[in-house]
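> got a sequence here, can you model it:
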Amino acid sequence: MGTLDSDRASLGRLSDRLRSASESRLIRPVEGLGGASAAEASQALASWAASTQRVPHPVPRLHPLASGDQLAVVGRDFLDWVDQEPGRDAALAEWRHRIDQLRAAF
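Purely as a prediction, here's the structure:
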């Protein structure tokens, strides 16, 4: 599929921003996320990525302060999965859209 270095770097930067945010900022509703908080949007993105890979277990709902770590772990797994074989371009496009939306709103 080619290199996903920029996607991995983008995930790392967003995860770091989430890790360094206060709990109050993570749980505050964000207009650009349809009223969801950054923690909720991160959880939704991690859940989407896992279900897209057909992971048999749901992604657990963690404390808001774990949002960055959870997204980093699930996101790395997702990007590795995308990179394993061709034909996953639609999943990667959706991932990029969701990451961009979260990054722009947060």
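
> list the buried residues in whatever helix or strand residue 43 lives in.
Here residue 43 sits within helix 38-52, counting by DSSP states H and E. Within helix 38-52, the residues that count as buried by 16 or more other CB atoms under 10 Å are 38-43, 45-50, 52. Using the backbone N, CA and C atoms, a C-beta is placed for each residue, glycine as well.

> from what I see, residue 75 and residue 50 are in contact.
No: contact criterion CB atoms under 8 Å: residue 75 and residue 50 do not qualify, at 10.2 Å.

> just to revisit the earlier point, and the buried residues of helix 38-52, which is closest to residue 63?
In terms of CB to CB, no member of those lies closer to residue 63 than residue 39, at 8.5 Å.

> please report how far the closest one lies from residue 62.
As judged by CB to CB, to the nearest Å, residue 39 and residue 62 stand 9 Å apart.

> what does residue 80 give?
21 Å.

> likewise residue 22?
Taking CB to CB as the measure, residue 22 and residue 62 are separated by 16 Å.

> out of the two, which sits in the busier spot?
Just comparing residue 22 and residue 62: by other CB atoms under 10 Å the higher neighbour count belongs to residue 62, 14 against 10.

> you'd agree the more buried one is up against residue 71?
No: applying CB under 8 Å as the test, residue 62 and residue 71 come out as separate, 10.2 Å apart.
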